[in-house]
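>>> test case, fold it:
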Amino acid sequence: MKLRTLFHLIIFIFIPLGLDSKINVVTTLTVLKYIAEQVGGDKIIATSLIPGDLDPHFADARPDYVLKLNQADLLVYIGLDLEIGWLPRLIEQSRNPKIYSGYPGNCDASKGVFILEKPTTSVDRSMGDIHIYGNPHYWLDPLNAVIIARNIKESLEKIDFKNKDYYNTQYINFSNRIKNFTLQKLKESQTLKDKKVVVHHREFIYFLNRFGLKEVTSLEEKMGVPPSANYLKKVVDVVLKEKVDLILIAPYNNPKYAEFVSERTNAKVVIVPTNLTDKITTYEMLIETMINTIKKASNE
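Alright, predicted model coming up:
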């Protein structure tokens, strides 16, 4: 083990939290903050870095983000390179060895998740904003929220072993709640099963797979790259041929591309939330809002 790595590990072990101190958890996304709070309960204080209505692929390296990370006992992030454009730089600037990769305070929430859309061939940047490890928007499948919670629980147990039983109980309660909620929503959303939709970006794939909707195509010819007019004309042809009546976009997507297709097909443009906000304050509310928004647009 390198001396620097050993030194940081010693710091982590021999500067423990005070008896009454709470674990300071920093998450990249608001949805991770909520799940951390469900597992950590009154043993933690959680904050998220970026608001729920912003594109999680991009964030500014703001000084207050660096300060939050500097003071963190645990960092929770989506992983799979979702935050690759901004998080590694912030971690380095934080100078907080607790949250460095490989240390107990670094929690990659994707561990154990069955990842969709892993590239089967070699990829490069000429193909757009390709995620080489697969689609990172896995938190929109409720059963993956359970896996996220388990990963957070295991990280908290490493940092605060004396409260291991507490975190486990909190996790079990959340897990059971989400599993029951998912069964209920699957029953309530049966009218949406096999419904065809077009998406802007492929952030909805986990949600669509869980609830049985079918993604016909994407408005992005290359992920993260604005589509050309010629490509959008091809999307129009697909929408008309497949009789698609909904185009799903996230709040941070540029609506003009969806509107281009809508004007030529009469398919409705539907803005669907993908994260927690001031108005969407729980994970269950997020999934429920997504379902109800689509059902309302479909007149179901």
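
>>> residue contacts, the residue nearest to V239 when sequence neighbours are not counted?
Excluding the flanking residues, the one nearest V239 by Cβ to Cβ, 6 or more residues apart in numbering is T265, at 4.5 Å. (Each C-beta comes from the backbone N, C-alpha and C, glycine too.) Listed by Cβ atoms under 8 Å, 6 or more residues apart in numbering, the contact set of T265 reads V236, V239, L240, V244.

>>> low pLDDT regions in the stretch 151-300 of the chain?
300 (pLDDT under 70).

>>> which residue ranges of it form helices?
Under the criterion DSSP state H, counting those that start in this stretch, helices of the stretch 151-300 of the chain are mapped to 164-188, 205-211, 229-242, 256-265, 283-297.

>>> I'd like to know which of those helices is closest to V25.
Among the helices of the stretch 151-300 of the chain, helix 164-188 comes nearest to V25, with 11.8 Å by Cβ to Cβ.

>>> buried ones in that closest one?
Y166, Y167, N168, Q170, Y171, F174, S175, I178, F181, T182, K185 (16 or more other Cβ atoms under 10 Å).

>>> measure the third one to T27 for me?
Which is N168. Distance of N168 to T27, given as Cβ to Cβ, to the nearest Å: 20 Å.

>>> how about the first one?
Note on Y166: its distance to T27, by Cβ to Cβ, is 20 Å.

>>> now the closest residue to A109 other than its chain neighbours, what are its backbone angles?
In this structure, A109 finds its nearest non-sequential neighbour in I148, 4.5 Å apart by Cβ to Cβ, 6+ apart. Dihedral angles of I148 (phi, psi; degrees, to the nearest 10) stand at phi -60, psi -50.

>>> tell me the contacts of I148?
By Cβ under 8 Å, 6+ apart, the residues touching I148 are L32, I35, A109, V113, W139.

>>> from the residues you listed, list the buried ones, please.
Among those, those classed as buried by 16+ other Cβ under 10 Å are L32, I35, A109, V113, W139.

>>> okay, the helices of the stretch 151-300 of the chain in TSV with distance to P51 next?
TSV is the format used below for the helices of the stretch 151-300 of the chain (distance: least, Cβ to Cβ, whole Å):
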stretch	distance to P51
helix 164-188	23
helix 205-211	20
helix 229-242	29
helix 256-265	22
helix 283-297	14
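
>>> which other residues reach stretch 213-233?
57, 127-131, 192-202, 204-205, 207-208, 235, 238-239, 242, 244, 247, 249, 254, 257-258, 260-261, 294.

>>> oops, could you answer that again for stretch 80-96 instead?
So stretch 80-96 is contacted by 28, 49, 56-61, 65-66, 69-72, 75, 77, 99-100, 105, 110, 115, 131-138 (Cβ under 8 Å, 6+ apart).

>>> mind checking which of these land in helices?
The members of the contacts of stretch 80-96 that map onto helices under DSSP state H are Y65, V66, L69, N70.

>>> ok, those vs K279, which is closest?
Y65 (23.4 Å).

>>> distance of that closest one from P119?
Y65 sits 30 Å away from P119, going by Cβ to Cβ.

>>> so for the two, which sits in the more crowded spot?
Y65 (21 against 12; other Cβ atoms under 10 Å).

>>> what's the separation between the residue nearest to R177 when sequence neighbours are not counted and I99?
With Cβ to Cβ, 6+ apart as the criterion, R177 has its nearest non-adjacent residue at 8.0 Å, and that residue is E284. To I99, E284 is 29 Å away according to Cβ to Cβ.

>>> between these two, tell me which one has more neighbours.
Remark: of E284 and I99, I99 carries more neighbours, 22 against 18, as counted by other Cβ under 10 Å.

>>> how about the contacts made by the residue nearest to R177?
Per Cβ under 8 Å, 6+ apart, neighbours of E284: R177, I178, F181.

>>> so K22 versus E154, what's the distance?
For K22, the distance to E154 - Cβ to Cβ - is 18 Å.

>>> these two: who's more crowded?
E154 (18 against 15).

>>> which strand or helix spans A46?
Element membership for A46, per DSSP states H and E: strand 44-48.

>>> contact partners of stretch 64-77?
17, 23-29, 32, 36, 44, 47, 49, 59, 83, 87, 90-91, 93-96, 98-99, 104-109, 151-152, 155-156, 159.

>>> narrow those to those that are buried.
So, by 16+ other Cβ under 10 Å, the buried ones in these are 23-29, 32, 36, 44, 49, 59, 83, 87, 90-91, 94, 96, 98-99, 104-109, 151-152, 155-156, 159.

>>> next step: these restricted to strands.
I23, N24, V25, V26, T27, I44, N106, C107, D108 (DSSP state E).
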